[in-house]
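Peer 1: return a 3D structure for these sequence lines:
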Amino acid sequence: MAVFKVTKCPTDELSLSNCAVVNDADFPGTKHIRVHTGGGQNFVFSIKPHPSIPRYNVGFSLPQRKWAVLSLNQEINVEPYLPEDYISSVTLEVDFMQKKTTSQEQYDTDEMAKEFLYTFPNQIFTVGQQLAFAFKDKKMLLLVVKDIEEYTLHFKSFIFIASVGIASIKEGRDVKPRKAKLGQIIPNTMVQFEKAETSSLNLTGKAKGKQVRQSIINPDWDFQKMGIGGLSNEFNAIFRRAFASRVFPTDLVDQLGCKHVKGILLYGPPGTGKTLMARQIGKMLNAREPKIVNGPQILDKYVGESEANVRRLFAEAEEEEKRAGVNSGLHIIIFDEIDAICKQRGSVAGNTGVHDTVVNQLLSKIDGVEQLNNILVIGMTNRRDMIDEALLRPGRLEVQVEISLPNEEGRLQILDIHTSRMKQYKKISPDVDLCRVWTKNFSGAEIEGLVRAAQSTAMNRLIKASSKVEVDPEAIEKLLVNRTDFMHALEHDIKPAFGSAQEIINQFLARGIINWGSPVTSIIEDGMLFIQQARATDTSGMGWCQFCWKDHRMQGKTALAAQLAKNSDFPFVKVCSPEEMVGFTETAKCLTIRKIFDDAYRSTLSCILVDNIERLLDYGPIGPRYSNLTLQALLVLLKKQPPPGKKLLILCTSSRRQVLEEMEMLSAFTGVLHVPNLSKPEHLLNVLEASDVFSNQELKQITHQVHGKRIFIGIQKLLALIDMARQTDERIRVLKLITKLEEDGALEDPGMA
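Peer 2: Numbering: from 1, shown residues only. Below you'll find the model as predicted:
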């Protein structure tokens, strides 16, 4: 080992040879040297002689000095080195020598590998080594050795390698490849190239390493911590359509002629997780920081500013696309409430046309003449029907995923997510079984609100009842959210938007159902058969029934229909009543009815009660007879099959069967249940007994009075007369009831009429 000094490489040509330059008299017959720089550091170089290098000096190029941390005139210890390890494969990270250099020109890695072996024959390379590489007449490249696999060879093996090559060595018993720090290049060494992470270099060919292309999925991302419950199927659909092509190398995508998906539309009811899904997609992808913009933020009062706002969103992506080409990073733009700016062109009143030009600008940026391939636009909306159709075609927002209400498994996942902290710190009582928390038709946001309401109920127990708001400090540590808190939240605080219309149903059933005879029993039994038909898995998923009887009212049709809707135990029960549409125009009424049916399709099991259908159609015996627009809308919706996997039961009530026949509406129903009036004395007496208004003596008097007479009265009319009798003096109560029945024509002698 001798002491040498560091000097510059004498020529540019020698600098590109990756060899240290020495005086021939210093190392005669030697091809490699080991350099000791102090502190236990040593580096191996292949060498070339040159007469311009003084004795006891070694010339190094700038990349070599940078790699080995050498300074000019530094003293180093140098000794000859005899290689024993030979490289079977080497992976090189490649970038432009000038970091600011950009080019979309393709570099064929197969040609680069041949040129590399030709330029650096039998040289020694070390992991981490930097070297300059002149690839033909293209730009100067900087190579960094990233990985080496080698064979440890003895002298006989080396002769073997020279004669038959590396493929034969792999068959040898005592020669096995292994990871190594350094080794010598041989003619059969496999050379692979990887693009540096921040480089704009465009590599093609088979010699491109497996890790050349940066993964689209963030390597630090944990799919178990996404915080998205009940949306696994939707997420899988998005990944399959939108991201699968971005996982594969660009050359394979080019060979397939495949274009990346550039737009995703997430639509569905409020609170189902659309914004959460978009936010998590932005975090999951190994891309530029997502740009999140609310739709209305794009609009501006100044002419042309709205369109300029759209162009600014795509400016960075355009600049990087021009600079880096296919190696550009992915730019994500998230539009919340995209329907605010992308309404159907021509649908917005006024002559400014701002919305139309904004839509045009957005279309041209996503899929125009100068289309970008490094963008992903994610739009979210509750009103997919309002968005311009041109935006939804393939090439734009082509992946359209409905984020609907979660199923039972999804609801349990969401509950687990929102109660995980309580479980972690043992703040939830053991009596809480999340599987038994009734959350049918709850959205994700409503489930989160339910958990908050239960927590609030639990915390309110600790507040002392006094003039001042005080918290019991002793009970704070013992605070537990128990089952009662969840039940209180379900009953009083949180009601699902797509749940059962309990208040209206209870209002219809305020007086209950009085089973005054076999007709009522028969109606309820037949109605339950319709419910079972609608619920059954082997049916079309749609059931209808109508309650009517000639042209009479007050038979209690609405109450019976409400009772069946309640007995169905369907998670979604909606009432379509003319009372809620008083003063509506025909168009507004049709839109309201359409929304009720659309909401019903979102639930697995749904029931719609259409009350007093002839009033809903604006029927009148004189003048304009009915609303044809509403009639046609109802006919279409009544006959429409629900989406696959959805079950819908429609209950309608009417007092005008003949009218519905003339309107050709009766044929839309699979069944008609006749609700008759009370027609026998025993029917009347059954209702009077159930009312608890009359004594036994009075009931005997009434029995005597109605014996042998014809009864014909609706249940509601009879209940109204009973209420009047309740307020009448007991001495004349029976007489008053009989008199009113006769005056109303409900009680007649058989010989009359």
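Peer 1: distance of Leu673 from Asn460?
Peer 2: 48 Å (C-beta to C-beta, to the nearest Å). The way it works is simple: take the backbone N, C-alpha and C, and place the C-beta from them, glycine included.
Peer 1: now stretch 106-125, how far from the centre of its chain.
Peer 2: Here the centre of stretch 106-125 is set off from its chain's centre by 47 Å, with C-alpha atoms, centre = their mean, to the nearest Å.
Peer 1: for it, what is the average pLDDT?
Peer 2: For stretch 106-125, mean pLDDT rounds to 88.
Peer 1: hmm, back to that, which one of Leu673 and Asn460 has more residues nearby?
Peer 2: Leu673 (23 against 10; other C-beta atoms under 10 Å).
Peer 1: and that one, how close does it get to Val687?
Peer 2: 20 Å.
Peer 1: Ile713: how many residues sit nearby?
Peer 2: 22.
Peer 1: A helix includes Phe193, no?
Peer 2: No. Using DSSP: H, G, I helix; E, B strand; the rest coil, the secondary structure at Phe193 is strand, not a helix.
Peer 1: does it really touch Met112, like I thought?
Peer 2: Yes. Phe193 is within contact range of Met112, at 5.9 Å (criterion: C-beta atoms under 8 Å).
Peer 1: give me the distance from stretch 108-126 to the chain's centre.
Peer 2: For stretch 108-126, the distance from its own C-alpha centre to the chain's C-alpha centre is 48 Å (C-alpha atoms, centre = their mean).
Peer 1: I meant stretch 606-625, not that one.
Peer 2: Counting by C-alpha atoms, centre = their mean, stretch 606-625 comes out at 40 Å from the chain centroid.
Peer 1: just the buried positions in it, please.
Peer 2: Within stretch 606-625, the residues that count as buried by 16 or more other C-beta atoms under 10 Å are 606-619.
Peer 1: from those residues, which ones fall inside strands?
Peer 2: Among these, the members found in strands (DSSP state E) are Ser606, Cys607, Ile608, Leu609, Val610.
Peer 1: Glu79 sits in which helix or strand?
Peer 2: Following DSSP states H and E, one finds Glu79 within strand 75-80.
Peer 1: quick one, domains of the chain?
Peer 2: Domain assignment for the chain by automatic domain parsing gives 2-80, 85-204, 226-402, 408-493, 502-674, 681-748.
Peer 1: mean pLDDT lowest for which of the ones you listed?
Peer 2: Note on the domains of the chain: domain 85-204 shows the lowest mean pLDDT, a mean of 76.
Peer 1: tell me the gap between that one and the middle of its chain.
Peer 2: Offset of domain 85-204 from its chain centre (C-alpha atoms, centre = their mean): 44 Å.
Peer 1: quick check: buried residues in stretch 395-404?
Peer 2: Buried-residue list, stretch 395-404, by 16+ other C-beta under 10 Å: Arg396, Leu397, Glu398, Val399, Gln400, Val401, Glu402, Ile403, Ser404.
Peer 1: ok, now stretch 285-297?
Peer 2: Buried positions in stretch 285-297, judged by neighbour count with 16+ other C-beta under 10 Å: Leu285, Ala287, Arg288, Pro290, Lys291, Ile292, Val293, Gly295.
Peer 1: same thing with stretch 79-96?
Peer 2: 81, 83, 85-96.
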